[in-house]
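Novice: let me see the structure of the following:
(chains A and B)
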2 protein chains.
Amino acid sequence: MYEGPVQDLIDELGRLPGVGPKSAQRIAFHLLAADPADVGRLQDALGRVKEGVVFCEICGNVSEQTQCRICRDLRRDATVVCVVEEPKDVLAVERTREFKGRYHVLGGALDPLAGIGPDQLRIRELMARIGAQDITEIILATDPNTEGEATATYLVRMLRDFPGLTVTRLASGLPMGGDLEFADELTLGRALSGRRTV
Amino acid sequence: MYEGPVQDLIDELGRLPGVGPKSAQRIAFHLLAADPADVGRLQDALGRVKEGVVFCEICGNVSEQTQCRICRDLRRDATVVCVVEEPKDVLAVERTREFKGRYHVLGGALDPLAGIGPDQLRIRELMARIGAQDITEIILATDPNTEGEATATYLVRMLRDFPGLTVTRLASGLPMGGDLEFADELTLGRALSGRRTV
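Specialist: Model (predicted):
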């Protein structure tokens, strides 16, 4: 163990996800030798996040104001809402440049074993939004894993009763640039059942 | 890109060694959801390191006081000094529980391409120490790579003129628990030339 503040910093860094003891040590010694101004900037960034990040009151995405940039953008189609698990999923969909609608961030996926039920997600807010706004399509873009699929299935059941609302799910299939030979059975099965006429 | 403080934090974290954009994002969202007290502790640890860590005036190791725990420990043999590159190497040697002498931390290894010459390392301090104290053995424990070997060779030449001083180098050879078949030629060659009668 090192003496004093260096060990404290290594301990704190080691608590971050994906940072093991060796990485924590490496980062700590990097910061020890770094320009104090750089360390100060990291410290300030932590402070601002600690003081509380604002979440958009409409969609739940991280935001600078009470409403996020996407919800404020009047050019975006408010009738189509893409439902995702996390703010990083908004970013992933935005990167495709294919989607011009709005988002709804659930804040996770159903996971009863981890104590995450419908009340822990922003499902009630989604229902209220559909009731109040003129929404015609909900795209379920939760992750294609157990929790994400369960969440999508749950939402399909909840959204069934809204008249005139189309509920869609992102297509599952072979990843682009992939190799059929290396696709797992589940993915290949989904690709087969979701085949389209060309 | 995210809005506001979250992106700032992701940017700052992404500048740390070994933290890529994905890890930075993951850590940032972890901190967003974490207890503010945890974030505060990391912030404080950064602050204390930024204010300046004390280095031992004798050996150059990170320290809480002007002299480190090892240099203050009178039970440790002051006549044997183990010369290492970095504070983390002190820790590595200490973990063996085989060494009861003192240390000297160079602060790196000779690397002319990176602009690190003898003046950038604590070599002058080592010479002064040998001149002033009653030191009988210097163990060169720099890394067994190009820079570390060059540094050891340089130090051997510098230390040659001290009468009654033994200079030793850590043994190179097969790592314990390893497999002869998988040893690289250089390591196996060193193990052969360094063979001992049993």
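
Novice: what about the longest strand in chain A?
Specialist: The longest strand of chain A (DSSP state E) is strand A:77-84.

Novice: do that strand and chain B meet at all?
Specialist: No. For a cut-off given as Cβ under 8 Å from any Cβ of the partner chain, strand A:77-84 has no contacts with chain B; the smallest distance is 13.6 Å. In short, each C-beta sits where N, CA and C put it, glycine included.

Novice: for the next helix or strand after that strand, C-alpha coordinates in PDB please.
Specialist: Where DSSP states H and E defines the elements, the next helix or strand beyond strand A:77-84 is helix A:87-96. Presented in PDB, the C-alpha positions along helix A:87-96 are these (Å, rounded to 0.1, in the frame of the first residue of the first chain):
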ATOM      1  CA  PRO A  87     -29.700   7.700 -22.500                       C
ATOM      2  CA  LYS A  88     -26.900   6.000 -24.300                       C
ATOM      3  CA  ASP A  89     -29.400   4.200 -26.500                       C
ATOM      4  CA  VAL A  90     -30.800   7.500 -27.600                       C
ATOM      5  CA  LEU A  91     -27.300   8.300 -28.800                       C
ATOM      6  CA  ALA A  92     -27.000   5.000 -30.600                       C
ATOM      7  CA  VAL A  93     -30.300   5.600 -32.500                       C
ATOM      8  CA  GLU A  94     -29.400   9.200 -33.300                       C
ATOM      9  CA  ARG A  95     -26.100   8.000 -34.800                       C
ATOM     10  CA  THR A  96     -28.100   6.100 -37.500                       C
END
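
Novice: show me the residue sitting in the middle of chain A in space.
Specialist: Residue closest to the mean C-alpha point of chain A, counted by Cα atoms, centre = their mean, is residue A:86 at 1.8 Å.

Novice: tilt between the longest strand of chain A and helix A:87-96?
Specialist: Relative orientation of strand A:77-84 versus helix A:87-96 (axes from the mean of the first three to the mean of the last three Cα atoms, to 10 degrees): 130 degrees.

Novice: I figured the residue nearest to the centre of chain A hits residue B:29, correct?
Specialist: Yes. Between residue A:86 and residue B:29 there is a contact at 7.3 Å, judged by Cβ atoms under 8 Å.

Novice: quick one: the strands in chain A?
Specialist: Going by DSSP E, chain A shows strands at A:54-55, A:62-63, A:77-84, A:101-105, A:137-140, A:166-169.

Novice: could you name the helices and strands sitting against the second one?
Specialist: With contacts defined as 3 or more Cβ pairs under 8 Å, 6 or more residues apart in numbering or on different chains; DSSP states H and E, strand A:62-63 has these neighbours: strand A:54-55.

Novice: buried ones in the helix or strand of chain A with the lowest mean pLDDT?
Specialist: The helix or strand of chain A with the poorest confidence is helix A:185-193; it has a mean of 81 (mean pLDDT, DSSP states H and E). Neighbour counts over helix A:185-193 (16 or more other Cβ atoms under 10 Å in any protein chain shown) mark A:187, A:190, A:191 as buried.

Novice: stretch A:70-82 too?
Specialist: Using 16+ other Cβ under 10 Å as the test for burial, stretch A:70-82 gives A:70, A:71, A:78, A:80, A:81, A:82.

Novice: and it, average pLDDT?
Specialist: Summarised as a single mean, pLDDT over stretch A:70-82 is 94.

Novice: domain parsing for chain A?
Specialist: Domain segmentation of chain A under automatic domain parsing yields A:5-50, A:75-169.

Novice: between the strands of chain A, which gets nearest to residue B:124?
Specialist: Nearest of these to residue B:124, taken as Cβ to Cβ: strand A:62-63 at 51.9 Å.

Novice: neighbouring contacts of the closest one?
Specialist: Here strand A:62-63 makes contact (Cβ atoms under 8 Å, 6 or more residues apart in numbering or on different chains) with A:53, A:54, A:55, A:56, A:68, A:69, A:87, B:2, B:3, B:4, B:6, B:32.

Novice: at 10 Å instead, please
Specialist: Taking contacts as Cβ atoms under 10 Å, 6 or more residues apart in numbering or on different chains, the residues outside strand A:62-63 that touch it are A:49, A:53-57, A:68-72, A:86-88, A:90-91, A:105, B:2-7, B:28-29, B:32.

Novice: what are the ranges of the helices in chain A?
Specialist: For chain A, the helices defined by DSSP state H occupy A:5-14, A:21-33, A:36-50, A:69-72, A:87-96, A:123-132, A:146-159, A:185-193.

Novice: and those as a markdown table, adding distance to chain B?
Specialist: Listed next are the helices of chain A as a markdown table, based on distance: least, Cβ to the nearest Cβ, whole Å:
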| stretch | distance to chain B |
| --- | --- |
| helix A:5-14 | 4 |
| helix A:21-33 | 5 |
| helix A:36-50 | 4 |
| helix A:69-72 | 6 |
| helix A:87-96 | 6 |
| helix A:123-132 | 18 |
| helix A:146-159 | 17 |
| helix A:185-193 | 22 |
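
Novice: which one of those lies nearest to residue B:15?
Specialist: Across the helices of chain A, residue B:15 has its closest neighbour in helix A:36-50 (7.1 Å, Cβ to Cβ).

Novice: how many neighbours does residue A:98 have?
Specialist: Using other Cβ atoms under 10 Å in any protein chain shown, residue A:98 has 7 other residues around it.

Novice: right, I mislabeled it, should have said residue A:175
Specialist: For residue A:175, using other Cβ under 10 Å, the count is 10.

Novice: now swap in residue A:197 and tell me
Specialist: For residue A:197, using other Cβ under 10 Å, the count is 3.

Novice: can you tell me how far it is from residue A:176?
Specialist: Residue A:197 is 19 Å from residue A:176, where distance means Cβ to Cβ, to the nearest Å.

Novice: same question for residue A:148.
Specialist: Distance of residue A:148 to residue A:176, computed by Cβ to Cβ: 20 Å.

Novice: do the same with residue A:42
Specialist: Residue A:42 is 37 Å from residue A:176, by Cβ to Cβ.

Novice: higher neighbour count, those two?
Specialist: Between residue A:42 and residue A:176, residue A:42 has the larger neighbour count (other Cβ under 10 Å), namely 22 against 5.

Novice: would you confirm that that one contacts residue B:8?
Specialist: Yes. Shown here, residue A:42 and residue B:8 form a contact pair, counting by Cβ atoms under 10 Å, at 9.4 Å.

Novice: alright, I will stop here.
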